[in-house]
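Participant: sequence? don't have it. structure:
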């Protein structure tokens, strides 16, 4: 689809995107790059990063990929420093790295619960904390007159009511939303940093939708959606462009819901035995699909 934004809306900006080499993160990365930004991608899989950078470079987008785990403070600091050394500044941080799977509360181990919180909520805070010196006005690579930078945290809608078999993700994303609001309160007036979030609904052609809306239930789920369709990665990327650009200059501390109006509807239930079956089948399909498939297809 054609973007409604000018092609140079982010000209001269540098963006770092965690989880930026696949899924929604890669579409955000691509659109930021197409609209003038230089982009750095952070992820744990070297091959996926390399594939993503190749695609971006083929589009004439200045890009670099850095291996790192958002759960590790030393990785966060190293990737941010590497991004700064490569591009000379950092203006935008997008926290898109996430973990998710279906599991009932009684079958979910404390370690599984902790893992998702470590990636989504602790990882988001860690990246924000380490990025502060680069993003604040008067920080490294930024003059006081240029103001501060922008942080966009990718959240979800599962915690706005309650969702079957998503207690770990609901807890993690609730923490992400709270982090967004509190950092906006603390860093907005002091450092001129905008901190906002985006809460995607079900987005087609992503690893998440393969896990959470498997083929066996997708038709039924679509019939219950207010707009009768899944969203697209493009929809989330356009929201990110809006928040990262001057079009969103007066928005701070908000989490923009992009789900077609789905979240207020009643949570739907799957039998417990079906959850185990489709979750395992989805994980197997994703593992098979990620072997030898170009990143732009993931």
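Facilitator: Nice, I can see it. In this text the structure is predicted, and so the values were computed from the model without any measurement.

Participant: What is the end-to-end distance of stretch 103-118?
Facilitator: The first and last residues of stretch 103-118 sit 17 Å apart, counting by Cα to Cα, to the nearest Å.

Participant: how far is it from where the chain is centred?
Facilitator: In terms of Cα atoms, centre = their mean, to the nearest Å, the centre of stretch 103-118 is found 20 Å from the chain centre.

Participant: Okay, buried residues for that stretch please.
Facilitator: By 16 or more other Cβ atoms under 10 Å, the buried positions in stretch 103-118 come out as 103, 108, 113, 115, 116, 117, 118. In short, each C-beta sits where N, CA and C put it, glycine included.

Participant: model confidence over that stretch, on average?
Facilitator: Averaged across stretch 103-118, pLDDT comes to 95.

Participant: From the buried residues of stretch 103-118, pick the one nearest residue 240.
Facilitator: Minimum separation from residue 240 among the buried residues of stretch 103-118 (Cβ to Cβ) is found for residue 116, which lies at 22.2 Å.

Participant: wait, what's in contact with residue 232?
Facilitator: 1, 203, 204, 205 (Cβ atoms under 8 Å, 6 or more residues apart in numbering).

Participant: excluding its backbone neighbours, what's nearest the second one?
Facilitator: Ranked by Cβ to Cβ, 6 or more residues apart in numbering and with sequence neighbours excluded, the top spatial neighbour of residue 203 is residue 231, at 4.7 Å.

Participant: quick one: that neighbour and residue 199 touch, right?
Facilitator: No: contact between residue 231 and residue 199 fails when scored by Cβ atoms under 8 Å: they sit 11.2 Å apart.

Participant: shared neighbours of the two, which are they?
Facilitator: Counting by Cβ under 8 Å, 6+ apart, the contacts common to residue 231 and residue 199 are 258, 259.

Participant: coming back round to it: and the contacts of residue 232, which of them are buried?
Facilitator: residue 203.

Participant: Closest one to residue 97 out of the contacts of residue 232, please.
Facilitator: For those, with residue 97 as the reference and Cβ to Cβ as the criterion, the closest is residue 203, at 15.8 Å.

Participant: in what helix or strand does residue 152 lie?
Facilitator: Assigned by DSSP states H and E, residue 152 belongs to strand 150-154.

Participant: That's all I had, so thanks and see you.
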